[in-house]
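Trainee: for reference, the sequence and a predicted model appear below.
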Amino acid sequence: MKITRLYTDKTGETHFEDISVPLSDSGPIGSLSEILPVNGMMLRENPGDYFYDWHPAPRKQYIVMLEGMLVVEASDGEQRSFPPGSILLVEDTTGKGHKSWVPDGKPRKSLFITVQDA
C-alpha cells in the first residue's frame, strides 16, 4: 500500500518520500500489513478556510484523509495534494516543518493516528 512520508533531513529541511507498506495475502479477507505500533487516535475537522503556516509536526503520526482536500508544502518547496483516502506519515517533528491548507474552501475531516516511539 502506498503512503507518503514527510520527514526532516540532517540540515532541517523537510521532504516528501513515497513509501510502500508491504501487504500479505490473508485469504478471503484480503491483504494485510504487519501490525504497526501506534499510541492512539484523534479525529479532526477543519473549516474550508483552514491555513496553518510553517510548523513542525507535534508528534510522529499518520494522517488519513476522510473527507475534503489538503495541500501540504515541505520546506524544500514541494507541494502535494491529499484527497480522501490518502495516508500521510508525518515525521517532521524538528527542523523547518511544513505548512498546510485546504485548497477548495470545503471542510476537511481526517483521522490522526499517533505513532508509538520505538
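Mentor: Structure's in. What do you need?

Trainee: and the residue nearest the centre of the chain, what helix or strand is that in?
Mentor: The chain has residue 88 as the residue nearest its centroid, 2.3 Å off, counting by CA atoms, centre = their mean. Per DSSP states H and E, residue 88 falls inside strand 87-90.

Trainee: same question for residue 95.
Mentor: Going by DSSP H and E, residue 95 is not in any helix or strand.

Trainee: surely it meets residue 56?
Mentor: Yes: Residue 95 lies in contact with residue 56 (CB atoms under 8 Å); the separation is 6.2 Å. Where you see a C-beta, it was placed from the backbone N, CA and C, and this is true even at glycine.

Trainee: for the helix or strand following the strand holding residue 88, packing partners?
Mentor: Per DSSP H and E, the first helix or strand lying C-terminal to strand 87-90 is strand 98-101. With contacts taken as 3 or more CB pairs under 8 Å, 6 or more residues apart in numbering; DSSP states H and E, strand 98-101 sits against strand 51-55, strand 70-74.

Trainee: helix or strand right after strand 98-101?
Mentor: strand 108-115.
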